[in-house]
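1. Sharing a model that was predicted from the sequence below.
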There are 2 protein chains.
Amino acid sequence: MSDVDAPTDHSGLRVMSTEECLDRLASAGIGRLGFIVAGEVVVLPVHHLVHGVDVYFRTSGGSKIEAASDHDPVGFEVDEYDRATVTGWSVTLTGVASLVDEDDLVHELEALDTAPWPVGDRTDSVWVRVRPDQISGRELLPH
Amino acid sequence: MSDVDAPTDHSGLRVMSTEECLDRLASAGIGRLGFIVAGEVVVLPVHHLVHGVDVYFRTSGGSKIEAASDHDPVGFEVDEYDRATVTGWSVTLTGVASLVDEDDLVHELEALDTAPWPVGDRTDSVWVRVRPDQISGRELLPH
């Protein structure tokens, strides 16, 4: 499908297919997790990876994120913007977070994890799974 | 203060001062708003500006964001990462969102707004204020 035929939303942004959303989610190195702590909404960047249909990232044990990973609702977003060309895209999803407690899965994730970013003491870290229930994406095309 | 003396958190990231957080918040063109809609946490990118101590952005009337702007708790985040050099920073805040209904302030914001990003039909848009109650920032320095 050419861009000319692409569906657009009320702001004129191109609406991505679910498949494209998942591709962009997987290729983005950094995403932002939104979660609730004590009635406040917190948004923090995490280095994530996609495995199967889920998003995973590692966080320090005892962190605010860990506290919000007991099957709590979360949001997750990736994007890219270029101010010079005024183009960009974003993919956002809502889902539920849970701690990964299966040893086999932890080993799989560690094999997949090519994070260049340090995350502090890895012996103290936990993996968090975000299972998406809704995902959508928009792209701002060149004018 | 040199980087060597800078305070770091448990992950070894440099902790920014509040002043530096506000500077970076103001210079970032795109931020991500986290808000709650029907029990779900949604994270969406917005083009924002800083005026006084508050963060402002424009959104379409009738949007999910507008619905969450009735003095509801929100989170807001800006960041920048460079995968090549493995450096980056983020600033995150929690606060309360409200719709701007003062005509004078709307005129001030429109004068300040240099957004290159289209936002759909501007006659149908509203300004949202985020008043921060907590702000913090971290920087990942070169190794």
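-> Good, I have the coordinates.
2. Show me which positions of the lowest-mean-pLDDT helix or strand in chain A end up buried.
-> The weakest-scoring helix or strand in chain A, judged by mean pLDDT, DSSP states H and E, is helix A:64-67 (a mean of 80). Neighbour-count burial for helix A:64-67, counted by 16 or more other CB atoms under 10 Å in any protein chain shown, picks out A:65-66. Just so you know, the C-beta spots here come from the backbone N, C-alpha and C atoms, and that holds for glycine as well.
3. Distance from it to the middle of the chain?
-> Distance, stretch centre to chain centre, for helix A:64-67: 16 Å (CA atoms, centre = their mean, to the nearest Å).
4. what does stretch A:69-80 give?
-> Stretch A:69-80 has its C-alpha centroid displaced from the chain centroid by 6 Å (CA atoms, centre = their mean).
5. Show me what counts as buried in it.
-> Per 16+ other CB under 10 Å, stretch A:69-80 contains these buried residues: A:69, A:73-79.
6. and if you look at stretch A:101-116?
-> Of all the residues in stretch A:101-116, those buried under the rule 16+ other CB under 10 Å are A:105, A:109, A:113, A:115.
7. Contacts for it, please.
-> For stretch A:101-116, contacts defined as CB atoms under 8 Å, 6 or more residues apart in numbering or on different chains pick out A:29, A:47, A:49, A:51, A:56, A:58, A:100, A:127, B:83, B:86.
8. can you tell me the average pLDDT over stretch A:79-88?
-> Throughout stretch A:79-88, pLDDT has a mean value of 90.
9. does any bit of it sit next to chain B?
-> Yes: using CB under 8 Å from any CB of the partner chain, stretch A:79-88 comes into contact with chain B via A:79, A:81, A:83, A:86, A:88.
10. Narrow the residues you listed to those in strands?
-> Counted as lying in strands by DSSP state E, out of the residues of stretch A:79-88 next to chain B, are A:79, A:81, A:88.
11. distance of the first one from B:Thr94?
-> Shown here: A:Asp79 relative to B:Thr94, a distance of 21 Å by CB to CB, to the nearest Å.
12. Name the helix or strand for A:Cys21, please.
-> Taking DSSP states H and E as the criterion, A:Cys21 maps to helix A:18-27.
13. quick revisit: would TSV of the buried residues of stretch A:69-80 with distance to A:Gly39 be doable?
-> Shown next, in TSV, are those (distance: CB to CB, whole Å):
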residue	distance to A:Gly39
A:Ser69	17
A:Pro73	13
A:Val74	15
A:Gly75	16
A:Phe76	20
A:Glu77	21
A:Val78	26
A:Asp79	27
